[in-house]
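In: Quick one, fold the following:
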Amino acid sequence: MKFLALIPARYASTRFPGKPLADLAGKPMIRYVYEKAHAFFPDCYVASDDERIVRSVEGFGGQAVMTSAEHRSGTDRCREALDRIETSTGKRFDAVVNIQGDEPFVAEEQLRLITGCFDDPATEIATLVKAFDPHEDIFNPNSPKVVLSTDGYALYFSRSAIPYLRGTERDRWQRSHKFLKHIGLYAYKSSVLRRIAELPQGTLEKLESLEQLRWLENGFRIKAAETHSESLAIDTPDDLKAAVEFLRRSEK
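Out: Predicted structure coming up:
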């Protein structure tokens, strides 16, 4: 299959304006993401609604595409970017990999796993999961959880801890069951991306504020692969400080 890697990156952010251009050990954060992705995918672009981000990416030799400022999600931005890139280059892509612009430590293992999901021709959408570490809080609503079928497809995503362990005290849940957190890395067949970008918001998505529930509600299946690589998303300036320390540790 021919993959197109896209990194949605917008400048406006309530908690961290200008986040993609934030300095991380001397380089803009978006450069870390791009270099990690481009090392694995020959066809890789940052998709942004801001000229400052596009200029920064092109300034370090990367490829970028301007997209609308009206998109409500990275998925919608990826759909527009796919159309623009195929039109401008004349290339056709079988699938798109959506790599979060605030994940500067995305690992090659993760990219290999998510593309490997398409070895099964039935895969429409793919994502990653990771087991919660013992020190992590499974009850944190900012860390979505997922439960899988026996053949590795997502049954449900939730901000609540799922499954509910009836008859077990909450402080023992993590010692009694392997809880899975969702890693926000997606891949979609191009035809499927175009279809899901047209779907209206569903009830479950509105309740949980999780876009992937829209796809499940509409009958799409999401294949999940389990990663063991640690990643660190940057949502706030404090997260950036933690990322600097993470980078120091990883370089030792």
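In: Buried ones in the helix or strand bottoming out on mean pLDDT in the chain, by neighbour count?
Out: When each helix and strand of the chain is scored by mean pLDDT, DSSP states H and E, helix 237-251 comes last, with a mean of 74. By 16 or more other CB atoms under 10 Å, the buried positions in helix 237-251 come out as 239-240, 243, 246. Glycine gets a C-beta too; all of them are placed from N, C-alpha and C.
In: Kindly report the same for stretch 209-228.
Out: In stretch 209-228, the ones that count as buried by 16+ other CB under 10 Å are 210-216, 220-225, 227.
In: now swap in stretch 40-50 and tell me
Out: When burial is assessed from 16+ other CB under 10 Å, stretch 40-50 yields the following buried residues: 40-41, 43-50.
In: ok, now stretch 157-170?
Out: Neighbour count says stretch 157-170 has 157-159, 161-162 buried, by 16+ other CB under 10 Å.
In: In helices, which of these fall?
Out: Of the buried residues of stretch 157-170, none are assigned to helices by DSSP state H.
In: Identify the farthest-apart pair in the residues you listed.
Out: Phe157 and Ala161 (12.2 Å; CB to CB).
In: Show me the common contact partners of the two, please.
Out: Residues touching both Phe157 and Ala161 (CB atoms under 8 Å, 6 or more residues apart in numbering): Lys145.
In: what's next to the least confident helix or strand of the chain, contact-wise?
Out: By CB under 8 Å, 6+ apart, the list of residues contacting helix 237-251 from outside reads 16, 22, 24-25, 29, 104-105, 232-234.
In: and these, which of them are in strands?
Out: Assigned to strands by DSSP state E, the following of the contacts of helix 237-251 qualify: Leu24.
In: Show me the strands in this protein, by range?
Out: All strands of the chain, identified by DSSP E, fall at 3-9, 23-24, 27-28, 44-48, 64-66, 95-98, 125-131, 145-148, 154-158, 180-189, 222-226.
In: what's the least confident stretch among those?
Out: Across the strands of the chain, strand 23-24 has the smallest mean pLDDT, namely a mean of 88.
In: and the buried residues of helix 237-251 as a markdown table, adding distance to Glu70?
Out: Shown next, in a markdown table, are those (distance: CB to CB, whole Å):
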| residue | distance to Glu70 |
| --- | --- |
| Asp239 | 27 |
| Leu240 | 27 |
| Ala243 | 30 |
| Phe246 | 34 |
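In: what's the distance between the closest residue to Glu208 other than its chain neighbours and His182?
Out: Spatial nearest neighbour of Glu208, chain neighbours left out: Arg159 (5.7 Å); criterion: CB to CB, 6 or more residues apart in numbering. Separation of Arg159 from His182 (CB to CB, to the nearest Å) stands at 10 Å.
In: same thing with Phe3?
Out: In terms of CB to CB, Phe3 sits 21 Å off from His182.
In: Asp238 now?
Out: In terms of CB to CB, Asp238 sits 22 Å off from His182.
In: Now that Pro20 has come up, it's in contact with Ser48, right?
Out: Yes: under the contact definition of CB atoms under 8 Å, Pro20 touches Ser48, with a separation of 7.4 Å.
In: Can you pull the residues that touch both of those two?
Out: Residues touching both Pro20 and Ser48 (CB under 8 Å, 6+ apart): 9-11.
In: Show the buried residues in these.
Out: Using 16+ other CB under 10 Å as the burial test, the shared contacts of Pro20 and Ser48 include 9-11 as buried.
In: Ser176 - nearest residue in space that isn't next to it in sequence?
Out: Thr168 (5.4 Å).
In: Nothing else from me, thank you.
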